[in-house]
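J.: coordinates only, no sequence provided:
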């Protein structure tokens, strides 16, 4: 089992990376695709992708880190209904 982790400065970074995938795929030659397909067929039994995001409320950040990205801004807690 192998785990690959990728981090971005913000969640928008993942969107930008995914937007580049078609550009990368267009650059592959038919020989590149054949080599890649053979390697994955022989080596990968199961693959899944997960995107995890940290909860800003559960993160212990410095005020500077919290101010660096709107994601980290704490959301107001909704009042409980009676």
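T.: All right, it came through fine. Treat the numbers as computed from the prediction; the structure is a model and nothing was measured. Residues are numbered from 1 along each chain as shown.

J.: and residue 26, what element?
T.: helix 12-27 (DSSP states H and E).

J.: what's the first helix or strand after that helix?
T.: The helix or strand immediately downstream of helix 12-27 is helix 30-43, counting by DSSP H and E.

J.: what angle do helix 12-27 and that next one make with each other?
T.: Helix 30-43 and helix 12-27 are oriented at 120 degrees to each other (axes from the mean of the first three to the mean of the last three C-alpha atoms, to 10 degrees).

J.: got the contact list for helix 30-43?
T.: residue 28 (C-beta atoms under 8 Å, 6 or more residues apart in numbering). Every residue, glycine included, has its C-beta placed from N, CA and C.

J.: quick revisit: just how off-centre is the helix holding residue 26 within its chain?
T.: Counting by C-alpha atoms, centre = their mean, to the nearest Å, helix 12-27 is centred 12 Å from the centre of its parent chain.

J.: just the buried positions in that helix, please.
T.: Residues of helix 12-27 classed as buried: none (neighbour count, 16 or more other C-beta atoms under 10 Å).

J.: let me see the mean pLDDT of it.
T.: Helix 12-27 shows a mean pLDDT of 87 in the predicted model.

J.: what about residue 45, neighbour count?
T.: By the other C-beta atoms under 10 Å criterion, the neighbourhood of residue 45 contains 4 residues.

J.: next one: the one 5 residues further on
T.: Neighbouring residues of residue 50 were enumerated by other C-beta under 10 Å; the total is 5.

J.: which element is it on?
T.: Using DSSP H and E, residue 50 sits within no helix or strand.

J.: and it, what pLDDT?
T.: 80.

J.: now it: phi and psi?
T.: Main-chain torsions, residue 50, degrees, to the nearest 10: phi -130, psi 140.

J.: please report the distance of it from residue 6.
T.: 11 Å (C-beta to C-beta, to the nearest Å).

J.: list the contacts of the helix holding residue 26.
T.: So helix 12-27 is contacted by 6, 8, 51 (C-beta under 8 Å, 6+ apart).

J.: for the first one, list the residues it contacts.
T.: Shown here is residue 6, whose contacts under the criterion C-beta under 8 Å, 6+ apart are 14, 17.
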